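Enquirer: A structural model of the following input is requested.
(chains A and B)
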Amino acid sequence: MKGRSICPGSAEGTAIVSREPIGFYGGIDAKTGIVIEKGHELEGESVKDKILVFPCGKGSTVGSYVIYGLKINGVAPSAVVNKETETIVATGVILAGIPCVDGINIDEIKSGDNLVVDADNGVVNKK
Amino acid sequence: MYLTKEEEGMLAGEQGDVIERLFRLLVRLGDIYGADRMIPIGSAQVAGVSYKSLGMPGLEFLEDYARQGARVRVLTFLNPAGMDLENWKELGFPDEFAKMQTRVMDAFRKMRIIITSTCTPYLAGNLPRYREHIAWSESSAVSFSNSVIGARTNREGGPSALAAAVCGVTPNYGLHLDEKRTPDLVVRLGKDVKLEFNSDFGALGYYVGRQVKNKIPYFTDMKSANTDRLKALGAAMAASGAVALYHIEGQTPEAQLMDTTGLEEIDVSQKDIDETYAELSTTREPDIIIFGCPHASLREIAALADKVEGKKLKKPVWICTSRMMKEAATRMGFTRTIEDAGGYIVADTCMVVSPIEDMGYKTTGVNSGKAANYLPGFCKQEVVFTNIDKLLEASLE
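Expert: Residues are numbered from 1 along each chain as shown, chains lettered A, B, ... in the order given. Purely as a prediction, here's the structure:
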């Protein structure tokens, strides 16, 4: 699957997929990497070392700092794949240096898939 | 996007990791918004200063980048902090909060950002010129500089303004372009509209912002308004809508360049303004009154000092402002007059970004449409929104 590189780098790992947008501020605990938003489809799951796949970000712009916090605390996803990366997520992954690709048809990915993300070239493939 | 040789080097890491990351952020944001190139900026203004909104992730980010050598290349001011940076103890700000807020300020200072903490940088020593490109984030300051001064900025997020400050450039899109500054609709003020108090401009702004959302309004039939009033108008429109630029016939610099033929028109009557006051006031009896949203000018501080001189206030009254305005107010004796009456000039912070809900206050009286908009959500406050005379009337013995 060919998309656009938002932040370069590469990663290989297990996909964790959210069909709904993710608001990082108040949505994911920066200390543990666990989704804490009440009623979110990923509530209680950890994003640590996974390939986090979701359509786009939502909510407060402070969310960018939460993404950075995940990285500093060693609980960040190894890569992010979006349908469309908006500015909150773009800002977060770039500041944190997390490989990120957007413009991907995420309907073709499901949780548990093994993914290879080549964010230098904006390519995501199933293994 | 076209990049110069130097900019390509920045992206390739020739100027270090920090520049590479921050410049990459600007390039990606430029791509997302369809910018053709980068443009040099004259100044920056960075939001995301109060520890209340930054939290630990924000603080750690700032400390980390400061440690790695991030330094700003242009004059850069800060948005209000979460407390008065000098008199926080006296005002009852919690110790632990103060400790974290101080770490935030230290990180910014290390980046050579001027520790100013004001939402009115244009009153405090960061004044752009007409058509100057800048990267500011505070929504009311963005509105003021775009509309009243005719400078050019998009509404930046905290990190993107910081990135622009460190790299000295911003992507060329949105309000940096002539064609994106033209009005979308005309707002006609009815003959019965009385704009007597600064709060009336806040009520008008709140009403119009709700109607026009993020469009560019062009006001007609507005009588001459000073900068305090335009500051109140723009702040409220940016809060209730997302208005980053407005024009006023005969008053703002770009209005005369604009063609309003055939645009949709909205009529505003006094009834709309009265209803806005009523809608924003959730109760009647405030337990604290706070002026200075956006930060008070010297004219507003002087007016408050005149009104309370020789009197006693029954309730706490704060007027929030920048440290620079407070210095001048102190020199003039306004600080003394207000304190003698039982009030306080609070510098560096404001009611919206300070933890007032943790300081025992439940109902806040304000003369600001912007504050009335944010206090219920950000600070869990009930609100009394009215003009300065009515607010003081209830609290003077």
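Enquirer: which bits of chain B sit near chain A?
Expert: Residues of chain B found near chain A (C-beta under 8 Å from any C-beta of the partner chain) are B:21-22, B:24-25, B:28-29, B:31-32, B:48, B:53-58, B:60-61, B:64, B:157-160. C-betas here are computed from N, CA, C, even on glycine.
Enquirer: Just the buried ones out of those residues, please.
Expert: Among the residues of chain B next to chain A, those classed as buried by 16 or more other C-beta atoms under 10 Å in any protein chain shown are B:21-22, B:24-25, B:28-29, B:31-32, B:48, B:53-58, B:60-61, B:157-160.
Enquirer: Show me the helices in the stretch 51-200 of chain B, by range?
Expert: Ranges of helices within the stretch 51-200 of chain B are B:51-67, B:88-91, B:95-110, B:121-124, B:139-144, B:158-167, B:198-212, based on DSSP state H, counting those that start in this stretch.
Enquirer: Including mean pLDDT, could the ones you listed go into JSON lines?
Expert: JSON lines is the format used below for the helices of the stretch 51-200 of chain B (pLDDT from 0 to 100):
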{"stretch": "helix B:51-67", "mean pLDDT": "90"}
{"stretch": "helix B:88-91", "mean pLDDT": "90"}
{"stretch": "helix B:95-110", "mean pLDDT": "97"}
{"stretch": "helix B:121-124", "mean pLDDT": "97"}
{"stretch": "helix B:139-144", "mean pLDDT": "95"}
{"stretch": "helix B:158-167", "mean pLDDT": "96"}
{"stretch": "helix B:198-212", "mean pLDDT": "96"}
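Enquirer: okay, those, which one's buried deepest?
Expert: Neighbour counts (mean count of other C-beta atoms under 10 Å in any protein chain shown) averaged over each of these peak at helix B:158-167, with a mean of 29.
Enquirer: wouldn't residue B:297 be in contact with residue B:326 here?
Expert: No - counting by C-beta atoms under 8 Å, residue B:297 sits too far from residue B:326 to count as a contact (11.8 Å).
Enquirer: who's more crowded, the two?
Expert: residue B:326 (25 against 21; other C-beta atoms under 10 Å in any protein chain shown).
Enquirer: Over to that one: give its phi and psi.
Expert: Residue B:326 has phi and psi values of phi -70, psi -40 when expressed as degrees, to the nearest 10.
Enquirer: for the residue nearest to it when sequence neighbours are not counted, what are its contacts?
Expert: Among residues not flanking residue B:326 along the chain, residue B:347 sits closest, at 4.4 Å (C-beta to C-beta, 6 or more residues apart in numbering or on different chains). Going by C-beta atoms under 8 Å, 6 or more residues apart in numbering or on different chains, residue B:347 touches B:84-87, B:117, B:320-323, B:325-326.
Enquirer: quick check, nearest of those residues to chain A?
Expert: Of all the contacts of residue B:347, residue B:117 has the smallest distance to chain A: 17.7 Å, by C-beta to the nearest C-beta.
Enquirer: Am I right that the closest one is in contact with residue B:324?
Expert: No - in this structure residue B:117 lies outside contact range of residue B:324 using C-beta under 8 Å: 10.5 Å.
Enquirer: now the helices of the stretch 51-200 of chain B as CSV including distance to residue A:85?
Expert: Formatted as CSV, these follow (distance: least, C-beta to C-beta, whole Å):
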stretch, distance to residue A:85
helix B:51-67, 19
helix B:88-91, 39
helix B:95-110, 27
helix B:121-124, 31
helix B:139-144, 23
helix B:158-167, 14
helix B:198-212, 28
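Enquirer: Could you list every helix and strand in contact with the least confident helix or strand in chain B by mean pLDDT?
Expert: The helix or strand of chain B with the poorest confidence is helix B:369-379; it has a mean of 88 (mean pLDDT, DSSP states H and E). In terms of contacts (3 or more C-beta pairs under 8 Å, 6 or more residues apart in numbering or on different chains; DSSP states H and E), helix B:369-379 is packed against helix B:198-212, helix B:227-240, helix B:270-280, strand B:363-366, strand B:382-385.
Enquirer: Including distance to residue B:122, could those go into TSV?
Expert: Shown next, in TSV, are the helices and strands packed on helix B:369-379 (distance: least, C-beta to C-beta, whole Å):
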stretch	distance to residue B:122
helix B:198-212	17
helix B:227-240	8
helix B:270-280	26
strand B:363-366	22
strand B:382-385	25
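Enquirer: so what's the backbone phi/psi at the residue nearest to residue B:326?
Expert: According to degrees, to the nearest 10, residue B:347 has phi -110, psi 160.
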